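# with the sequence up front, the predicted model follows.
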Amino acid sequence: MVCFPNCKINLGLHITGKRPDGFHALETVFYPVALTDMLEIISATSLSFQSTGLSIPGTADNNLCLKAYQLLKKDFPELPPVKMHLHKTIPMGAGLGGGSADGAFALQLLNNKYKLELGKEQLIQYAAQLGSDCPFFILNQACYATGRGEILEPIALDLSAWHFVLVNPGIHVNTKWAFEQITPGSSGKDLKAIMQLPVENWKEQLSNDFEAPIAKAYPAIQEIKDRLYQLGASYAAMSGSGSTLFGLFKAKPEASIREAFKESNVYLIS
């Protein structure tokens, strides 16, 4: 059985406080984007995991797909051994939630393949144990998120008429360092209300707390954002703690847009 875990972008991101458990409290809007990995799971005589495509740092034991299997195995001892094959396309450590998507989709694939009969709320609870972004990929629709990102409220937001350009400059941003650059507090903005405004109005209203300090440390971030606007984006921003930037375009960008970002990985998604 095969599935295609997709990535996400953050539309606005504010760090609102520090929680007693050590995590930061945040608010953001998650939106799914059709840049995907591929995950295949088949029954096997022993548990195994292999990957192709982009190189995944760390050991296989730390991969969220395997962790998803082990999480379910505790509650479903009859779950047979499986062979997992992940083909990685979504860049890692890029603010796109690719690893979180893989883990969440693994939960759903195992649930469907072996008829575990877990409902959406149960899958969300399992996903929350894998990581803060993972529950979003169970719903996989526009959501206003709070807490550490696991408290989700679906919202009416349809960007299907827009064209996405994702630009990943290959800059690794240390997440711990990124959080250290921010003083938590209220943004004074109503994210849900901003989402109801025309996309063209978002430039003056919608912000990511991580963007300014990261762009200061890595000037290429600001340069890419400025270039996206020069090329006609109605809205451009950094996703998550970076380093991927995205632009929303009314008209389908020409394939030649890649030439504007020769040093980066560019993904055109309609």
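Thanks, I have it. Residues are numbered from 1 along each chain as shown.
# isn't residue 1 up against residue 108?
No: using Cβ atoms under 8 Å, residue 1 makes no contact with residue 108, being 10.3 Å away. Using the backbone N, CA and C atoms, a C-beta is placed for each residue, glycine as well.
# between the two, tell me which one has more neighbours.
Taking neighbours as other Cβ atoms under 10 Å, residue 1 and residue 108 compare with residue 108 leading, 21 against 13.
# tell me how far that one lies from residue 268.
Using Cβ to Cβ, to the nearest Å, we find residue 108 at a distance of 27 Å from residue 268.
# residue boundaries of the helices in the stretch 151-270 of the chain?
175-180, 191-194, 202-205, 211-217, 219-230 (DSSP state H, counting those that start in this stretch).
# mean neighbour count and mean pLDDT added to these, as TSV?
Compiled in TSV, those are given as follows (neighbours: other Cβ atoms under 10 Å; pLDDT from 0 to 100):
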stretch	mean neighbour count	mean pLDDT
helix 175-180	13	86
helix 191-194	15	95
helix 202-205	14	95
helix 211-217	16	94
helix 219-230	17	96
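# quick check: can you list the domain ranges of the chain?
For the chain, automatic domain parsing gives the domain ranges 2-154, 163-269.
# out of the helices of the stretch 151-270 of the chain, nearest to residue 245?
Proximity to residue 245 (Cβ to Cβ) singles out helix 219-230 among these, at 4.9 Å.
# residue nearest the centroid of the chain?
The C-alpha lying nearest the average C-alpha coordinate of the chain belongs to residue 97 (Cα atoms, centre = their mean; 2.6 Å).
# and the gap between it and residue 198?
Applying Cβ to Cβ to residue 97 and residue 198 gives a distance of 26 Å.
# state the phi and psi torsions of the residue lying farthest from the centre of the chain.
The C-alpha centroid of the chain is most remote from residue 45, which lies 32.8 Å away (Cα atoms, centre = their mean). For residue 45, the backbone dihedrals are phi -90, psi -20 (criterion: degrees, to the nearest 10).
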